[in-house]
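**Q** Structural data only, the sequence is not supplied:
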C-alpha cells in the first residue's frame, strides 16, 4: 500500500512540474516574441514586426501591449481592422484614457479615408 501512495504522489508531482514548466515556456515565448517585435519596430521592419506580434497574440490574445502595437501598424496601413483592435483594447483596459483617445483618433482617421 505504501508503494502505491509513493507512486501516486510522485506522478502527481511530476504532472504539476510538467504543467508549470509548460506554462513557463509559453510565458517565455510570449516575452521573446514581444522583444523581437520591439526590435523589428525600431528597425522599421513592419513585416517581421507584425509576424512577431501575431505569435504573441497566439500565445495570449489578451496582451494589451501587442494589441496596441498591432493597432498602430494597422492604422498606419489604413486597415479597418485597427478600429476593431482599438475596441478590443478598450474592453481589456476600460479605464485607459490614452486608449480611448486612440480609438477616437483611429475612427476619425478611417472615416476620412
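**A** All right, it came through fine. None of the values given here were measured: they were computed from a predicted structure.

**Q** Report how many residues lie close to the nearest residue in space to residue 81 that is not next to it in sequence.
**A** Leaving aside its sequence neighbours, residue 81 sits nearest to residue 74 (C-beta to C-beta, 6 or more residues apart in numbering; 4.8 Å). From N, CA and C alone the C-beta is placed, and that goes for glycine too. By other C-beta atoms under 10 Å, 20 other residues sit near residue 74.

**Q** helices or strands up against the host helix or strand of residue 74?
**A** Using DSSP states H and E, residue 74 sits in helix 64-77. Packing partners of helix 64-77 (3 or more C-beta pairs under 8 Å, 6 or more residues apart in numbering; DSSP states H and E): helix 2-42, helix 46-59, helix 81-92, helix 97-112.

**Q** starting at the chain centroid, how far to that helix?
**A** How far helix 64-77 lies from its chain's middle: 11 Å, per C-alpha atoms, centre = their mean, to the nearest Å.
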